[in-house]
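>>> model this:
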Amino acid sequence: MERVQYIPTAGWLVIGMGLILLFVLVWFRGLKLGAGDKSVSIGDTVDKKLNSLKKELDEKEAARAHDEEIRKSLFRESNIIDDKVKADMRRIVRSLSDDIYRVFTQYVKCEFPAVQVENFIKGELFQRIDENHMREKLSFNEIAGYLADVLHDIQKEYAVFLTATHKTTCGEGYPSWDIISQGISIILYTWANKTRDVICTRTREKIFLYKASRDRFILPEFRKTSVDDPILKNEGYLLSLEGGPV
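Modelled structure (predicted):
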């Protein structure tokens, strides 16, 4: 004990360094104690566990990178469907020209005022497509109030139109709002039904896309956020849109 007390500081440093070196050698090279069946390996087992853990982490990181690429690809495909929905809705608005013209045909004396009427009605609908969340606005619970709002805004536009056109020879025959409001309402309901139909069709297309992509994901968390959750959301849209006829 007395000899230990007299070991100088430098000696303790040497001993410490030696122990550290021994530990490192055992850690990386392993140490086998005993012989035959009764031998015990120290360090080698730890090393294997570390390698196994590293391999597991590498595999999970590779799976995460794989799933992230699939998620990005799925997002792009979903956006393409959204673009198709927007194009479908705008195409429906453009197709309303004849319906609008029929409401006013008996009052038309020259084309320019008729074109103005068509333009502001279509303009109102284009603006709604660009600014409104149509899946929600055309849902069974909201559609009646929404169409009433659209009709009201068109009525205000028509009032401005009448004031301007009554000052011209062409505008003298245009009717009051009460006379043409029912015809405009029918046009709006036609627009809403056709728009709702294309949204439902494209929503089903999205659901099919998500279901077809489910097995491409490796990790459960990616499968949930990229497939299962969007499917539930889009099925909810379908349920709200198909709650009943307009």
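>>> OK, contacts around Arg76?
By Cβ atoms under 8 Å, 6 or more residues apart in numbering, no residues touch Arg76. Just so you know, the C-beta spots here come from the backbone N, C-alpha and C atoms, and that holds for glycine as well.
>>> Offset the numbering so it begins at 888, please.
In the new count, where the first residue is 888, that last one comes out as Arg963.
>>> any idea how far Leu1096 is from it?
According to Cβ to Cβ, to the nearest Å, Arg963 and Leu1096 sit 11 Å apart.
>>> domain parsing for this protein?
889-929, 948-1128 (automatic domain parsing).
>>> Pick the most deeply packed of these.
Comparing those on average neighbours per residue, with mean count of other Cβ atoms under 10 Å, the densest one is domain 948-1128 at a mean of 15.
>>> average pLDDT across it?
Averaging pLDDT along domain 948-1128 gives 94.
>>> Check the offset of that domain from the chain's centre.
How far domain 948-1128 lies from its chain's middle: 17 Å, per Cα atoms, centre = their mean, to the nearest Å.
>>> Between its first and last residues, what's the separation in that domain?
With Cα to Cα, to the nearest Å as the measure, domain 948-1128 spans 40 Å from end to end.
>>> One more: stretch 1052-1070?
Stretch 1052-1070 end-to-end distance (Cα to Cα) = 20 Å.
>>> Could I get the full set of helices for the protein?
In the chain, the helices defined using DSSP state H lie at 889-892, 896-916, 931-981, 984-991, 998-1018, 1021-1024, 1030-1052, 1064-1100, 1107-1110, 1116-1128.
>>> Tell me which other helices or strands the fourth one touches.
Contact analysis of helix 984-991 by 3 or more Cβ pairs under 8 Å, 6 or more residues apart in numbering; DSSP states H and E lists helix 998-1018, helix 1064-1100 as its packing neighbours.
>>> quick one: it to helix 1064-1100, angle?
Taking axes from the mean of the first three to the mean of the last three Cα atoms, to 10 degrees, one finds helix 984-991 and helix 1064-1100 inclined to each other by 160 degrees.
>>> And the contacts of helix 984-991?
Counting contacts by Cβ under 8 Å, 6+ apart, the residues outside helix 984-991 that touch it are 995, 1001, 1004-1005, 1008-1009, 1061, 1067, 1070-1071, 1073-1074, 1077.
>>> Just put the residues you listed in a markdown table and tack on distance to Met1021.
Output for the contacts of helix 984-991, formatted as a markdown table (distance: Cβ to Cβ, whole Å):
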| residue | distance to Met1021 |
| --- | --- |
| Val995 | 31 |
| Ala1001 | 28 |
| Val1004 | 24 |
| Glu1005 | 21 |
| Ile1008 | 17 |
| Lys1009 | 16 |
| Tyr1061 | 31 |
| Ile1067 | 25 |
| Gly1070 | 23 |
| Ile1071 | 19 |
| Ile1073 | 20 |
| Ile1074 | 17 |
| Thr1077 | 15 |
